[in-house]
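*Asks:* Sequence below, structure please.
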Amino acid sequence: MNQVKLGIIREGKTPPDKRVPLTPKQCKLVEMKFPQVKVFVQESEVRAFKDEEYSAEGIEVVKDLSDCDIIMGVKEVNISDLIPQKKFLFFSHTIKKQPYNRNLLRAILEKKIQLIDYEVLKSKENKRIIGFGRYAGIVGAYNGIRAYGEKTGSFQLKPAHECTGRKEMEEELQHVDFPSDMKLVLTGFGRVGYGAREIMDLLPFTEVSPDEFLAEKFETPVFTHLEIEDYYRRKDGKPFSKAEFYSTPEIYESSFTRYSEAADIYIACHFWSNKSPFILTADDLKSSKNKIQVVADVSCDIQGPIASTLRPSKIADPFYGYDPKTGEECDWKATGSITVMAVDNLPCELPKDASEDFGNELIKSVFPHLFGDDPDNIIGRGSETDLNGNLTTYFAYLNDYVNQVTA
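*Replies:* Prediction:
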């Protein structure tokens, strides 16, 4: 059995990303589960886990990964750090033809690198098998609750990134007295939505049905978790069809205002296609009936389905205001404003916990195919490029993107 040398690259993005694909203990576990694999970790001063923690597990910390066969990171690898004729795994952010990463994909092709993109690794049922979405939902829901407390003066919570980890963040929530009339609405049932639910399940909130949420009064805080059919309807009044909505969303319209007229907080964790109708328009938010004070847009679709999401925000400054009268940004604590939380790298607030969760998914769902048999061609279907400097057939649509002449 040929030995495989797996390298963990130093993250090179600015601002620094402290996450890792594998924690020190997980590196050791990989070597135990896959005896043909030896893990090397490149020196780094920015990781949430120190070099010494890897060394303590018997993992070799090195300056250079040129001797490795497979190299993995989290975010886009700097062009200067790409090593020719290697297999790389990271989030490349190129599959939607993002202009800012065109030169990265060009360099990958020129250097004859096989790019295996986490974002497109899918099971034989065509479902994503790995991502940081769960922790985006966890931190996003926490941030939304925190924003409401500060905006209303009801309570204060420590920022997630100032907590030592998820355990301390959750302990913060245990000390809060929530207003008895507080109402929250949640959309999204993927990894992100279920992550947000993990926070909701820790809180003294009662889950109620959409109909109960709209029709009844409560003496305790409540939330409702909406399916797509709860906030979209056919324009002609005919019954909702999920398959039809996905295939022809233009014949549908939003019915979300029923909830925006009842909820104090909206936590948005849904997937949205730019072909789908908007969920909350500027006119909806301008309405005197709108009750929402905080929008925690975990999905963070800029100029997308929620009109108040004007831009992404940053971990150090997560909130901004939306003035529903003008449609412009304002002080998030201003009277009449809607507070928006739209941090676009939420898992970075809990880098150790998010890394551990991601590493577990790698070990369970990716490595058996990467280091062993791959009858469902999961790695092949998740490879944008091959070792011959070509786009794979699955990503041939990126040809015009790569070859586009830029000024």
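
*Asks:* Check which residues of stretch 280-291 are buried.
*Replies:* By neighbour count with 16 or more other Cβ atoms under 10 Å, stretch 280-291 contains the buried residues 280, 281, 284, 285, 290. C-betas here are computed from N, CA, C, even on glycine.

*Asks:* Tell me which two in these are the farthest apart.
*Replies:* With Cβ to Cβ as the measure, no two of the buried residues of stretch 280-291 lie farther apart than 281 and 290, at 10.9 Å.

*Asks:* quick one: the strands in the stretch 51-200 of the chain?
*Replies:* Read by DSSP state E, counting those that start in this stretch, the stretch 51-200 of the chain holds these strands, from start to end of the chain: 60-62, 70-72, 87-90, 114-117, 183-187.

*Asks:* helices or strands up against the second one?
*Replies:* Using 3 or more Cβ pairs under 8 Å, 6 or more residues apart in numbering; DSSP states H and E as the contact test, the elements touching strand 70-72 are strand 4-8, strand 87-90.

*Asks:* any idea how far the spatially most central residue of the chain is from residue 295?
*Replies:* If you average the C-alpha coordinates of the chain and look for the closest C-alpha using Cα atoms, centre = their mean, you land on residue 133, 3.9 Å from that point. According to Cβ to Cβ, to the nearest Å, residue 133 stands 19 Å off from residue 295.

*Asks:* Out of the helices and strands packed on strand 70-72, flag the one nearest residue 174.
*Replies:* With Cβ to Cβ as the measure, strand 4-8 is the member of the helices and strands packed on strand 70-72 nearest residue 174 (35.3 Å).

*Asks:* Can you identify the element that follows the closest one toward the C-terminus?
*Replies:* Next along the chain after strand 4-8, taking DSSP states H and E as the criterion, comes helix 24-33.

*Asks:* Strand 4-8 and that following helix, what's the angle between them?
*Replies:* Orientation note: helix 24-33 sits at an angle of 170 degrees relative to strand 4-8 (axes from the mean of the first three to the mean of the last three Cα atoms, to 10 degrees).

*Asks:* Dump helix 24-33 to PDB, restricted to CA.
*Replies:* In PDB, the C-alpha atoms belonging to helix 24-33 read as follows (Å, rounded to 0.1, in the frame of the first residue of the first chain):
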ATOM      1  CA  PRO A  24      -4.600  18.100  16.200                       C
ATOM      2  CA  LYS A  25      -6.600  15.100  17.600                       C
ATOM      3  CA  GLN A  26      -8.300  14.600  14.300                       C
ATOM      4  CA  CYS A  27      -5.000  14.500  12.500                       C
ATOM      5  CA  LYS A  28      -3.900  11.700  14.800                       C
ATOM      6  CA  LEU A  29      -7.300   9.900  14.200                       C
ATOM      7  CA  VAL A  30      -6.800  10.100  10.400                       C
ATOM      8  CA  GLU A  31      -3.500   8.300  10.700                       C
ATOM      9  CA  MET A  32      -5.100   5.600  12.800                       C
ATOM     10  CA  LYS A  33      -8.100   5.100  10.600                       C
END
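
*Asks:* Mind giving me the packing neighbours of it?
*Replies:* strand 37-42, helix 51-56, helix 351-361.

*Asks:* Quick one, which of these gets closest to residue 101.
*Replies:* Closest to residue 101 of the helices and strands packed on helix 24-33, according to Cβ to Cβ: helix 351-361, at 20.7 Å.
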